[in-house]
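> Here is a sequence together with a model predicted from it:
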Amino acid sequence: MTISPEKLELDAREFRRIYGNGGKISWVAAPGRVNLIGEHTDYHEGFVFPAAIDRHVRILGRARNDRKVRIFSATFNGSYEFSLDTSMSDVKGWARRAEGIIRTVLDAVDEKHGLDIWMDADLSVGGGLSSSAASMAVLGTLAALLHGRTLEKIAFAKTLQAAEHSFAGLKCGIMDQLAILLGKAGHALLLDCRDLATSHVKLPAEWALVIMDTNVKHDLASSEYNKRQIECGTVLDALRRRRPEIRSLRDVSFNELEAVRDECDPVGIKRCLHVLSENERVHKAVAALENADARSIGELFAASHKSLRDDYAVSCRELDAMVEAAADAPGIIGSRMTGGGFGGSTVNLVHKDQAHSFAEHVSEKYRKATGIDGKAIIVTTSDGVVTGNL
Ligand code: GLA
């Protein structure tokens with residue numbers, strides 16, 4: 001188990017301080033995720049290679065005997081409540097996502113009752129580590145658990161993805177949700193986003209994962225994210241005029257893409273080139289990781305970052321500076337932006353014995369280049385969502 005009993009006891013004390021004593025308290029913890037490689041490929045039915053990390057959103061909850069749902073978020077230092085007898089409100093932000101996923105999960109339950117909920121996290125918001133998906137995962141799991149239900153993981157991942165689309169407005173793929181639900185300590189998860197086939201790949205024991213948070217999050221993140229799907233969609237239309245059975249970029253070869261170049265907007269072609277080349281890099285990276293081939297990982301991470309920066313255009317000045325700062329850092333194996341982009345973090349594979357000097361070197365260089373204090377997080381991989389009772 002990755003959550004210490006002492007931490008949960010402290011959480012329970014907070015829970016009882018807010019909601020009072022008595023009754024059985026259940027808890028759920030969901031890890032964040034870092035994507036090793038395979039960026040902006042999931043919603044093109046491509047391949048991704050994330051890992052769940054030992055930073056979690058934790059939630060405690062207890063059944064009520066009325067129809068009220070009360071939520072306290074320590075992360076946002078705020079509370080919110082709604083009644084299961086009314087329809088979805090027009091609240092915004094974290095409360096909207098919370099209400100949305102709870103209502104969605106409870107839609108399938110006939111005998112609903114209210115809930116008292118307390119949540120906290122050691123996963124920073126906006127760091128590109130899927131704190132939003134992890135929060136929805138704990139809320140949905142807890143709501144089901146307190147109604148005596150367990151959720152099938154793949155179906156639940158799809159529910160969470162749909163909830164992200166509806167309640168956060170981000171037309172995300174399914175990588176984050178599956179990484180959070182199916183993570184396994186010591187491993188990364190190779191995921192085929194077409195048929196959702198998964199396999200766990202062991203990480204070399206002597207390699208460490210260092211996340212370097214730029215401490216910036218540009219507003220563009222969700223508008224540009226949704227825009228990339230439209231840009232690729234126009235090229236897909238041209239491709240389908242030649243071969244109607246094409247379902248997604250997953251079905252397209254480099255030659256086919258070249259063949260429609262003249263009929264398409266060059267920007268769209270660049271976006272698609274990223275997706276095709278990134279899918280290839282995922283397979284190469286899996287093989288390189290299995291062989292602890294540091295040199296290939298370094299090359300693949302560099303090529304991935306370049307492609308995200310130049311072809312897919314989802315990097316930013318700060319992410320580029322963070323990757324550049326890692327280039328000559330002690331212990332470096334590979335460095336690239338991770339997650340949706342426009343801020344957030346870089347993922348770095350580093351020789352374990354040099355992880356701390358790596359983090360110091362990169363932080364210092366990043367600060368000199370940008371004037372911003374970044375944050376280094378040395379993580380280990382983790383299991384997926386865990387539940388229990390207190
Ligand atoms: C965000 C989305 C994921 C994925 C990444 C980019 O994290 O939630 O589905 O598309 O961006 O790889």
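That came in fine, so what should we check first?
> okay, CA-based contacts and neighbour counts for the rest of this
OK.
> For S199, identify the helix or strand it belongs to.
Using DSSP states H and E, S199 maps to strand 198-202.
> I'd like to know how many residues surround the residue of the stretch 51-200 of the chain found nearest the ligand.
In the stretch 51-200 of the chain, the residue that lies nearest the ligand is G173 (3.5 Å; C-alpha to the nearest ligand atom). Other residues near G173 number 21, with proximity taken as other C-alpha atoms under 10 Å.
> That one - nearest residue in space that isn't next to it in sequence?
Distances taken as C-alpha to C-alpha, 6 or more residues apart in numbering put Y43 closest to G173, at 4.4 Å, once the chain neighbours are dropped.
> which ones are touching the one you found?
172-174, 193 (C-alpha atoms under 8 Å, 6 or more residues apart in numbering).
> any chance you could read off phi and psi for it?
The phi/psi pair for Y43 (degrees, to the nearest 10) reads phi -80, psi 10.
> Would you mind measuring from it to the ligand?
6 Å (C-alpha to the nearest ligand atom, to the nearest Å).
> that older thread, helices and strands around whatever helix or strand comes next after the strand holding S199, which ones?
Per DSSP H and E, the first helix or strand lying C-terminal to strand 198-202 is strand 207-217. Applying 3 or more C-alpha pairs under 8 Å, 6 or more residues apart in numbering; DSSP states H and E, one finds that strand 207-217 makes contact with helix 317-326, strand 343-351, helix 355-370, strand 375-379.
> Counting by contacts, list what the third one packs against.
In this case it means helix 355-370. strand 207-217, helix 317-326, strand 375-379.
> for the ligand, what are the nearby residues on the protein?
39-40, 42, 172-176, 339-340 (C-alpha under 6 Å from any ligand atom).
> Ends of stretch 136-155, what's the gap?
With C-alpha to C-alpha, to the nearest Å as the measure, the ends of stretch 136-155 fall 14 Å from one another.
> quick check: mean pLDDT across it?
Average pLDDT, stretch 136-155: 97.
> Over to stretch 279-289?
Mean pLDDT, computed over stretch 279-289, is 98.
> where does the residue in the stretch 251-390 of the chain that the ligand sits nearest to land in three-state SS?
Closest residue of the stretch 251-390 of the chain to the ligand, C-alpha to the nearest ligand atom: G340 (3.4 Å). Recorded secondary structure, G340: coil (DSSP: H, G, I helix; E, B strand; the rest coil).
> Give me the phi and psi angles of it.
phi -70, psi -30.
> the domain parsing of this structure - what is it?
According to automatic domain parsing, the chain comprises the domains 5-203, 207-379.
> before we move on, back to that, what would the contacts of Y43 look like in a markdown table with distance to F72?
What follows is the contacts of Y43, written out as a markdown table (distance: C-alpha to C-alpha, whole Å):
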| residue | distance to F72 |
| --- | --- |
| C172 | 26 |
| G173 | 28 |
| I174 | 27 |
| C193 | 34 |
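> which one of the residues you listed has the most neighbours?
Greatest neighbour count in these, by other C-alpha under 10 Å, goes to I174: 24 neighbours.
> From the chain's centroid, how far away is stretch 26-40?
5 Å (C-alpha atoms, centre = their mean, to the nearest Å).
> Next up, the contacts around the residue lying closest to K158 once chain neighbours are set aside.
Once flanking residues are discounted, K158 sits nearest to I174: 7.0 Å by C-alpha to C-alpha, 6+ apart. Residues near I174 by C-alpha under 8 Å, 6+ apart: 42-43, 157-158, 161, 193.
> hmm, 10 Å instead?
By C-alpha atoms under 10 Å, 6 or more residues apart in numbering, I174 lies in contact with 42-43, 45, 48, 133, 154, 157-162, 164, 191, 193, 196.
> F167 now?
Counting by C-alpha under 10 Å, 6+ apart, F167 touches 91-101.
> L36 too?
Per C-alpha under 10 Å, 6+ apart, neighbours of L36: 48-51, 188-190, 209, 282, 285-286, 297, 301, 334-339, 346-349.
> host element of it?
strand 26-37.
> Centre of the chain to whatever helix or strand A155 lives in, how far?
Per DSSP H and E: A155 is located in helix 153-168. How far helix 153-168 lies from its chain's middle: 13 Å, per C-alpha atoms, centre = their mean.
> Likewise for stretch 233-244?
Distance, centroid of stretch 233-244 to centroid of chain: 30 Å (C-alpha atoms, centre = their mean).
> what residues does it touch?
With contacts defined as C-alpha under 10 Å, 6+ apart, stretch 233-244 is touched by 44, 227, 230, 245-249, 252, 256-257, 259-261, 263-269, 271-272.
> returning to what we had before: and of the domains of the chain, who's closest to V385?
Taking C-alpha to C-alpha, domain 5-203 is the member of the domains of the chain nearest to V385, at 4.4 Å.
> what's around T2, how many residues?
With other C-alpha under 10 Å as criterion, T2 counts 16.
> Next: the one 3 residues further on.
Residue crowding around P5 was assessed by other C-alpha under 10 Å; the count is 11.
> and what of H165?
Neighbour tally, H165, other C-alpha under 10 Å: 14.
> who are the neighbours in contact with the spatially closest residue to it that is not a sequence neighbour?
Distances taken as C-alpha to C-alpha, 6+ apart put K171 closest to H165, at 5.0 Å, once the chain neighbours are dropped. Counting by C-alpha under 10 Å, 6+ apart, K171 makes contact with 43, 161-165, 222-223, 225-227, 229.
> how about these, which pair is most distant?
Largest separation among those by C-alpha to C-alpha: A163 and K227, giving 19.3 Å.
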